[in-house]
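**Q** using only what follows, build the 3D model:
(one chain, ligands or ions: 1)
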Amino acid sequence: MMFQYVKLLLYSIFLSCKVYAIPLEDSGDALNLFGLEGLSENYAIGATFIEGDIAVPLKAGRAVYIRSPKWPNGIVPFDIHASYTNDQKSVIRGAMSEIMKSTNNCIRFVERNSSTSVWLRIIPSRGCWSYMGRAKSSGPQDLSLQPTGCVYHQVALHELMHALGFIHEQTRPDRNQYVRIQTENIQSGNEHNFNIFPSTSVSTLNRPYDYGSIMHYRSDAFSSNGLPTIKVITDTDKDWESKMGRGMNLSDQDVEKLKAYYSCS
Ligand SMILES: [Zn+2]
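**A** Next up is the predicted model:
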């Protein structure tokens, strides 16, 4: 029954060879989803990227995304790389804290210990990116927050949401009712970042489309010319065009989705 309510969850995504047949250890798209300075291209050993910042394990030279399971009981063991400064660690912990508080501790980030089998390892790698959901069956699961360019509250929140199992809002199956993708303004070769996931792969959790989601792209994401790549369709929602992708916190709907997905009371 729960599956009927699950939204923005990736069950199984079979990626097309055309887009994702990428060599091992390929670097990700030049990406600045967050409009921040100092970013490198995303890079992860043994993974490639979809939608800019979602890492997907590579297998035999091709990305094969199988499932994005939840973290059992909403508990996410983690560690934060020792090389971050105390201020940077505070920013990262602050994002975790917002998720915990807004879900009344239904979702909890806890320091890993020696008996932890899978944990989220926050690393100062190249770019801002995360895997989807609890992607590993053992050992550390990396989430990269490059010290220059990614260690901001809203970026950490966004990547933690991916790690909890959420895709980008504007790739949900019904997005064409709410936004129009301006293909002519997208950087050549980055069109695939605007693909829609089919309803067989993701669920909307029966929640309304949310321009204010921390998981929504900016209107100029992957723009080649500074013009919008994402336009709001309805006149009554036009104000969102300048605001989407620029929020600093979880939206009310983000919180509702987290609670629904993790069966919080
Ligand atoms: Zn993202």
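**Q** which ones are touching the residue lying closest to residue 131 once chain neighbours are set aside?
**A** Nearest-residue entry for residue 131: residue 55, 4.8 Å, with adjacent residues in sequence omitted and distances by Cβ to Cβ, 6 or more residues apart in numbering. Heads up, the C-betas are built off the backbone N, CA and C, glycines and all. The contact partners of residue 55, by Cβ atoms under 8 Å, 6 or more residues apart in numbering, come to 28, 42, 44, 47-49, 129-132, 142.
**Q** if we use 6 Å, what do you get?
**A** Residue 55 sits next to 44, 47, 49, 129, 131 when contact means Cβ atoms under 6 Å, 6 or more residues apart in numbering.
**Q** could you confirm residue 109 falls within a strand?
**A** Yes - using DSSP: H, G, I helix; E, B strand; the rest coil, the secondary structure at residue 109 is a strand.
**Q** wait, it touches residue 96, no?
**A** Yes - contact criterion Cβ atoms under 6 Å: residue 109 and residue 96 qualify, at 4.1 Å.
**Q** name the helix or strand for the residue nearest to residue 131, please.
**A** Using DSSP states H and E, residue 55 maps to strand 54-59.
**Q** distance check, the residue nearest to residue 131 against residue 117.
**A** 20 Å (Cβ to Cβ, to the nearest Å).
**Q** what's the answer for residue 251, then?
**A** Residue 251 is 32 Å from residue 117, by Cβ to Cβ.
**Q** now swap in residue 150 and tell me
**A** 27 Å.
**Q** before we move on, what about residue 96?
**A** Taking Cβ to Cβ, one finds residue 96 at 20 Å from residue 117.
**Q** so between the two, which is more surrounded?
**A** Higher neighbour count among residue 96 and residue 117: residue 96, with 21 against 10, using other Cβ atoms under 10 Å.
**Q** check contacts around the more buried one.
**A** With Cβ under 6 Å, 6+ apart, residue 96 has these contacts: residue 109.
**Q** going by neighbour count, list what's buried in the helix or strand hosting residue 140.
**A** With secondary structure defined by DSSP H and E, residue 140 is part of strand 139-145. The neighbour-count check on strand 139-145 (16 or more other Cβ atoms under 10 Å) flags 140-145 as buried.
**Q** what's the answer for stretch 153-170, then?
**A** Applying 16+ other Cβ under 10 Å to stretch 153-170 flags 153-170 as buried.
**Q** stretch 188-208 now?
**A** Residues 190, 192-194, 197, 201-205, 207 are the ones in stretch 188-208 that count as buried (16+ other Cβ under 10 Å).
**Q** repeat that for stretch 227-245.
**A** 228-230, 232, 240-241, 244-245.
**Q** of all those residues, which two lie farthest apart?
**A** Spatial extent of the buried residues of stretch 227-245 (Cβ to Cβ) is set by the pair 229 and 240 at 14.6 Å.
**Q** circling back: among the buried residues of strand 139-145, which one sits closest to residue 70?
**A** Of those, the one sitting nearest to residue 70 (Cβ to Cβ) turns out to be residue 141, at 13.2 Å.
**Q** per-residue pLDDT, residue 191?
**A** Per-residue confidence (pLDDT) for residue 191: 89.
**Q** ok, for it, nearest residue in space, not its chain neighbours?
**A** residue 183 (6.5 Å).
**Q** the strands in this protein, which residues?
**A** For the chain, the strands defined by DSSP state E occupy 47-50, 54-59, 62-63, 75-80, 108-111, 118-123, 128-131, 139-145, 179-181, 230-232.
**Q** relative to residue 141, how far out is residue 116?
**A** In this structure, residue 116 and residue 141 are 11 Å apart, going by Cβ to Cβ.
**Q** I meant residue 185, not that one.
**A** Where residue 141 is concerned, residue 185 sits at a distance of 34 Å (Cβ to Cβ).
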